[in-house]
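Enquirer: coords please:
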Amino acid sequence: MRFSEYVKRIINPARDVDKTAAQNYIYSNVQFRGANVWILFFAVIIASVGLNVNSIPVIIGAMLISPLMGPIMGLGMALGINDMAFLRKSFRNLCVMTIVSIVASTLFFIVTPLSLDEPTELLARTNPTIYDVFIALFGGFAVIVEVCRKERGTAIAGAAIATALMPPLCTVGYGIANANFTYFIGALYLYFINSVFIVLATFLIVRVLKFPFVNIADPLKRKKVHHAITAFIIILIIPSIYSAIIVIQETRFNQVAKSFVAENKYLENSYINDYKAIHRAHKPSIISISIAGEKLSQADISKLNRSMSEHGLSPEQLEIQHNVIFTNNNGGAAGKQVVESLLQQNEREVQRREAEIKKLEEELKQFHNKEFPYKQIAKELLAQYPTLVSMTLARGENINATEEITFAPKQERVVAVLSFAGKIDENQLKRLKEWLAIRLDVKEIDIIVQ
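Expert: You can find the predicted model right below:
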């Protein structure tokens, strides 16, 4: 067998495909009535609560139970097999489910008393990039390939989490409830990206696997449809590419800002106490630094400007905020001492905390080292003594109460409480005690048989 044929046989998905079962599965999941209505409602509430309290596990749960994937895959299937009636049905149900989700989440966010200063999970759904396109496309590939398999696994659940259809819709509701247009438009765009590229992935796999056409379309008309789909996808992608470029630029600027501050932390009679990278729309980003100590001299300002130029930034991109904690009109020596004193105090505090952490880690390590492998010992005992019913192991200190307790030497001792279904003789008990002492690496062990 040639290598190319071997590779083709490995990567060819058609061998494990059940087209009829796949179509039946998608047809059944497009419906929006009965249980699907309630499941969608529950998913909306769960996702809204998760976004409002910033809980990732709750949001993941909503993604898993959401029925939105059904009509979206139905659109891709209908386009792939040229079933216009099913296409209209899928599109109608998707629109209804989308509207219901937005209305439900909007009502939830209107009445909920919860709010966050930094809703990171909400913000994560308001700035889609080209990376979200890749996630939706390849997540869609995973879903449709999994649906077409004769034996389905867990890929559908994983793709549902990755593509995240429900959270963007709930974020749209949050934007409406709070009159936040940025949240509204960003989240709605992310939802469109996810939906369209899952449809595209489904359409492509259906065509690759050569599902049978329901209606034979006119070649010229089909070509126009393909061109229309291609143009729509390109138009949809362009904003996400622009957004990705902005994110990359901001990330690079953040790295440059961090490097700039690290190199210029300590100045003549002051130091950079804090900094912030500020990104502005349609304007260059700036580094805002907070100065502790004396007001910067002209020499310090010149040094900072030169450093900005070395990092490829202009001096206009540096904003200096003076947080003067002392002034020294007679010279810089006293000011420098104050700064050094503050830095030394901070360093001592850091060292103290590091020592405390190291001590706690050592104590935790010693505690873990003393833990018994309870399950393994129970298995070994059960293999030797089949009548064993239960086992309890405890480690403690044996104190001689006949002496003064405060001065009594501490002796570690292990107690094993065992329960057997039948009787156990003295010889067996002796062997058991010797074996446990060796197995647990202890000198003293007491066995209590219940």
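
Enquirer: switch to C-alpha atoms for all contacts and neighbour counts from now on
Expert: Will do.

Enquirer: Quick one: classify residue 418 as helix, strand or coil.
Expert: Secondary structure assignment for residue 418 (DSSP: H, G, I helix; E, B strand; the rest coil): strand.

Enquirer: OK, contacts around it?
Expert: Residues near residue 418 by C-alpha atoms under 8 Å, 6 or more residues apart in numbering: 388, 389, 390, 391, 392, 447, 448, 449, 450.

Enquirer: Which parts of the stretch 101-250 of the chain are helices?
Expert: Using DSSP state H, counting those that start in this stretch, the helices of the stretch 101-250 of the chain run over 120-123, 130-148, 155-163, 166-177, 181-208, 219-263.

Enquirer: Using a markdown table, please lay out those together with mean neighbour count.
Expert: Formatted as a markdown table, the helices of the stretch 101-250 of the chain follow (neighbours: other C-alpha atoms under 10 Å):
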| stretch | mean neighbour count |
| --- | --- |
| helix 120-123 | 18 |
| helix 130-148 | 22 |
| helix 155-163 | 20 |
| helix 166-177 | 28 |
| helix 181-208 | 22 |
| helix 219-263 | 14 |
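
Enquirer: Now tell me which of these the model trusts least on average.
Expert: When the helices of the stretch 101-250 of the chain are ranked by mean pLDDT, helix 120-123 comes last with a mean of 62.

Enquirer: Excluding sequence neighbours, find me the nearest residue to residue 440.
Expert: Among residues not flanking residue 440 along the chain, residue 372 sits closest, at 7.4 Å (C-alpha to C-alpha, 6 or more residues apart in numbering).

Enquirer: Distance-wise, check the spatially most central residue of the chain relative to residue 106.
Expert: For the chain, the residue nearest the mean C-alpha position is residue 56 (6.9 Å; C-alpha atoms, centre = their mean). Counting by C-alpha to C-alpha, to the nearest Å, the gap from residue 56 to residue 106 is 20 Å.

Enquirer: For residue 357, give me the pLDDT.
Expert: What the model reports for residue 357 is a pLDDT of 87.

Enquirer: Show me what secondary structure element comes after the host helix or strand of it.
Expert: Using DSSP states H and E, residue 357 sits within helix 333-369. As assigned by DSSP H and E, the chain's next helix or strand after helix 333-369 is helix 374-384.

Enquirer: Show residues contacting that next one.
Expert: Applying C-alpha under 8 Å, 6+ apart, the external contacts of helix 374-384 come out as 388, 391, 393.

Enquirer: If we only consider those residues, which is nearest to residue 298?
Expert: residue 393 (72.0 Å; C-alpha to C-alpha).

Enquirer: Setting aside sequence-adjacent positions, which residue approaches the residue nearest to the centre of the chain most closely?
Expert: Leaving out its chain neighbours, the residue that sits closest to residue 56 by C-alpha to C-alpha, 6+ apart is residue 50, at 6.7 Å.

Enquirer: and that neighbour, what pLDDT?
Expert: With respect to pLDDT, residue 50 has a value of 83.

Enquirer: next one: residue 288
Expert: 90.

Enquirer: That one: what's it in contact with?
Expert: With contacts defined as C-alpha under 8 Å, 6+ apart, residue 288 is in contact with 275, 276, 277, 278, 318, 319, 320, 321.

Enquirer: what's the spacing between it and residue 165?
Expert: From residue 288 across to residue 165, the span is 37 Å (C-alpha to C-alpha).

Enquirer: In the stretch 301-450 of the chain, where is pLDDT below threshold?
Expert: Applying pLDDT under 70 to the stretch 301-450 of the chain flags residues 323-345, 367-370, 398-411.

Enquirer: Now do the domain split for the protein, please.
Expert: Split into domains by automatic domain parsing, the chain comes to 13-216, 252-335, 374-449.

Enquirer: Columns distance to residue 356 on top of these, output as CSV?
Expert: Below are the domains of the chain laid out as CSV (distance: least, C-alpha to C-alpha, whole Å):
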stretch, distance to residue 356
domain 13-216, 31
domain 252-335, 25
domain 374-449, 26
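
Enquirer: nearest to residue 238, of the ones you listed?
Expert: Counting by C-alpha to C-alpha, residue 238 lies closest to domain 13-216 out of the domains of the chain; the figure is 8.5 Å.

Enquirer: hmm, back to that, winner for burial among the domains of the chain?
Expert: Most buried of these, by mean neighbour count (mean count of other C-alpha atoms under 10 Å): domain 13-216, with a mean of 20.

Enquirer: now that one: how far from the chain's centre is it?
Expert: 18 Å (C-alpha atoms, centre = their mean, to the nearest Å).

Enquirer: now do stretch 379-388
Expert: Put simply, stretch 379-388 sits 44 Å off its chain's centre (C-alpha atoms, centre = their mean).

Enquirer: now the end-to-end length of that stretch.
Expert: 10 Å.

Enquirer: Go ahead and confirm residue 171 touches residue 184.
Expert: Yes - with contact defined as C-alpha atoms under 8 Å, residue 171 counts as touching residue 184 (6.9 Å).

Enquirer: Can you lay out the helices of the stretch 101-250 of the chain as JSON lines showing distance to residue 438?
Expert: What follows is the helices of the stretch 101-250 of the chain, written out as JSON lines (distance: least, C-alpha to C-alpha, whole Å):
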{"stretch": "helix 120-123", "distance to residue 438": "53"}
{"stretch": "helix 130-148", "distance to residue 438": "53"}
{"stretch": "helix 155-163", "distance to residue 438": "48"}
{"stretch": "helix 166-177", "distance to residue 438": "57"}
{"stretch": "helix 181-208", "distance to residue 438": "61"}
{"stretch": "helix 219-263", "distance to residue 438": "56"}
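
Enquirer: who wins for proximity to residue 417 among those helices?
Expert: Distance to residue 417, taken as C-alpha to C-alpha, is lowest for helix 155-163 among the helices of the stretch 101-250 of the chain, at 45.7 Å.

Enquirer: show me the contacts for residue 41.
Expert: Shown in contact with residue 41 (C-alpha under 8 Å, 6+ apart): 101, 104.

Enquirer: try it again with 10 Å
Expert: Going by C-alpha atoms under 10 Å, 6 or more residues apart in numbering, residue 41 touches 35, 66, 67, 97, 100, 101, 104, 105.

Enquirer: between those residues, which is closest to residue 223?
Expert: Each of those was scored against residue 223 by C-alpha to C-alpha, and residue 97 proved nearest at 30.4 Å.

Enquirer: if I pick the closest one, what's in contact with it?
Expert: Residues in contact with residue 97 (C-alpha under 10 Å, 6+ apart) are 32, 36, 37, 40, 41, 67, 68, 71, 91, 103.
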